[in-house]
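Asks: Model the following, please.
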Amino acid sequence: MAKEIPTWNVLELPLKSARRYDNPYVDVDVRVTFESPAGDRETAWGFWDGDDTWRVRFAPAVEGQWKWRSESSDPDNGGLHGQTGEFHVSSHDGTNPICAHGFLAVSDNQRGFVHQDGTPFFWLGDTAWSMSAGVTVEEWEEYLAFRRAQGFNVVQVNSLPQHDSTVSDYRTPFATGGRGWDVARPNVVYFRYLDQLVGMTTDAGMFTAMVVLWFDYVPGTNLWWRIKRRAFFTPELAASYGRYLAARYAAFGTIWIVTGDSDFETPESMAVYDAAARAIRRTDPYRALTTAHLNGGIYTPDALNEREWLDFHVFQSGHGPDSRKRALTCAEKDRAYRPVRPVLNAEPMYDGVHRVYTGGRMPDRETLRAVYWSSVLGGGNAGLTYGAHGVWSWDRPPLSPTWRDVLRYESADDAVRLKRFFERLPWWELEPAHRLLAAGDGGNRVVACTPEQTVVVAYMPQAGELALNLAAERGYAGEWFNPRTGESQPARVSPGDGNVVVGSPPWQGDAVLLLQSGR
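Replies: Predicted coordinates:
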């Protein structure tokens, strides 16, 4: 048992039951109360991990000497109830941003994310939905090293096997019987493997954003979608599973995506999702970020916006030619909701998806970049999730290209350049400002600015001169940014007829304009 641990690292306490239970997954609860050096108390739930073993995981945020005490719903079980101990927490002296700055929360203006210590966090995610059931440890290590070196900081995964993954020999998360899975009896071997993958992700300095129940596990969702398997959860079973996931993975800083590709068409499905989300809320001691992943082109339904467990909006602009238009529409709709919450595009058009759906015709990188920049400048300025066809499904030979080939698509570098551009600015303050485009200067251009118009950013699919309704006397300094290369050039800013006019950049293709004023 660990006696010394750095801040925001995972402390694991194993407990041995003195009794046997028919189904320990649901028959008994275990909790541990942790007391900080200042006397503050936090509670973490335990989870059954096979045979007579329960485990409790906790990530302390405060240095000093801590105490803990266990309690169980079966107070006569001396192995689970009344156990005590102490451990010491030291400062984290490494470079892992999760351990150095803490888990994620919503920023003060409710439009972005920050670490627990207030450090701003621009979400740059990747979709690796099929990781949980099909990826090997060696593959995951290679994947994480590559994406982290690029600058990604979030990985979106499914807690259960992805219905449309190309991995055929996937691991099984529940006991099996004559009618399929028994979702009341988890296969702890599956989740121990997932432990390892999630732990590796945190060690790489990246957050895991975990889908709890993809639509095919919930009754009343997407019934028009033909799939091979539907394993339905009731609200009671969803609550048990949500509690189990939170107990098992919350200490890694996990972000919760309660739903996957869901349409929220029926009260039946909402009852299941509510049960899972509320169980996570009760179990996760860190008040982790929670959201829902929707079908392509859908913005947050009113019923979902009313949920107390929803911390931020995500939308999926989808994989068709209208992805850019959908990005603007969904960002606008979600941004207008009250209460105010962060907004981001969590699944734009996948690079390579048209190789499958349109017989070989693929969107060019310029089209993809237009979706990325429109998503952020159109109102989804909490960040962006990138995706490539072959990584999310984890394609292996004989499929070609494989996940390893797709990992190296240049469009991922385009998304990284977007992140690095915005990290220089107070991106969480940006608001859509298409009104700043002078008459006749709109087209496919998008503009955002800070409330006082001290920072203005514009994206142009085709570079050219740009006129903006800004006061020339504010003395804007201009910079052209090339989203294909990351290079910058000074921009020539001149007074126009009641506005400012910015000369064209010295290249063809798409371009980003940055204007800054101290007044």
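Asks: Direction included, what does the helix or strand containing V314 pair against?
Replies: Using DSSP states H and E, V314 sits in strand 313-315. Note on strand 313-315: by DSSP bridges, its sheet partners are strand 343-345 (parallel).
Asks: before we move on, back to that, ok now the strand holding V314, how far from the chain's centre?
Replies: The gap between the average C-alpha position of strand 313-315 and the chain average comes to 10 Å, counting by CA atoms, centre = their mean, to the nearest Å.
Asks: Same check on stretch 415-429?
Replies: Mean C-alpha position of stretch 415-429 versus that of the full chain (CA atoms, centre = their mean) differs by 17 Å.
Asks: gap between the two ends of it?
Replies: Taking CA to CA, to the nearest Å as the measure, stretch 415-429 stretches 20 Å from start to finish.
Asks: Contacts for that stretch next, please.
Replies: Residues lying outside stretch 415-429 but in contact with it, judged by CB atoms under 8 Å, 6 or more residues apart in numbering, are 107, 109, 111-113, 120, 122, 124, 150-152, 369, 372-373, 376, 381-384, 386, 450-451, 455, 457, 481, 483, 485-486, 512, 514. Backbone N, C-alpha and C define where each C-beta goes, glycine included.
Asks: Filter these down to just the ones in helices.
Replies: Secondary-structure check on the contacts of stretch 415-429 using DSSP state H: residues within helices are Q150, R369, Y372, W373, V376.
Asks: Nearest residue to the fourth one in space, please, no chain neighbours.
Replies: Excluding the flanking residues, the one nearest W373 by CB to CB, 6 or more residues apart in numbering is Y459, at 4.0 Å.
Asks: which stretch of helix or strand covers the most centrally placed residue in the chain?
Replies: For the chain, A209 is the residue whose C-alpha lies nearest the centre (CA atoms, centre = their mean; 4.2 Å). When elements are defined using DSSP H and E, A209 is found to belong to strand 207-214.
Asks: Grab the CA positions of that strand and hand them over as CSV.
Replies: Extracted C-alpha coordinates of strand 207-214, given in CSV (Å, rounded to 0.1, in the frame of the first residue of the first chain):
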residue,chain,number,x,y,z
PHE,A,207,-7.2,13.4,-20.5
THR,A,208,-9.6,10.5,-21.2
ALA,A,209,-13.1,11.6,-22.3
MET,A,210,-15.1,8.4,-21.8
VAL,A,211,-18.5,7.6,-23.3
VAL,A,212,-20.6,5.8,-20.7
LEU,A,213,-23.3,4.3,-22.9
TRP,A,214,-23.2,4.5,-26.7
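Asks: Going along the chain, name the helices of this protein.
Replies: In order along the chain, the chain carries the following helices (DSSP H): 24-27, 97-101, 131-134, 137-150, 188-203, 235-249, 267-283, 302-305, 323-336, 354-357, 365-377, 403-406, 410-422.
Asks: what's the model's confidence in the third one, averaged?
Replies: Read it as helix 131-134. This predicted structure assigns helix 131-134 an average pLDDT of 94.
Asks: The second one too?
Replies: When pLDDT is averaged along helix 97-101, the result is 97.
Asks: was I right about D93 contacting E63?
Replies: No: D93 sits out of contact with E63 when judged by CB atoms under 8 Å, with a separation of 11.6 Å.
Asks: With neighbour numbers in mind, choose between these two.
Replies: Set side by side, D93 and E63 show more neighbours around E63, with 15 against 9, by other CB atoms under 10 Å.
Asks: Would you mind naming the residues that bridge with the residue nearest to the more buried one when sequence neighbours are not counted?
Replies: Closest residue to E63 apart from its sequence neighbours, by CB to CB, 6+ apart: V89 at 5.1 Å. Note on V89: beta-bridge partners I5, G64, judged by DSSP bridges.
Asks: how close does V89 get to N345?
Replies: Computed as CB to CB, to the nearest Å, the V89 to N345 distance reads 38 Å.
Asks: Can you pick out the residue with more neighbours from those two?
Replies: Neighbours around V89 and N345, counted as other CB under 10 Å, are more numerous at N345. The numbers are 32 against 22.
Asks: Identify the residues contacting the closest residue to that one other than its chain neighbours.
Replies: Spatial nearest neighbour of N345, excluding adjacent residues (CB to CB, 6+ apart): S375 at 3.8 Å. Taking CB under 8 Å, 6+ apart, we find S375 in contact with S317, A327, A331, L344, N345, P348, L384.
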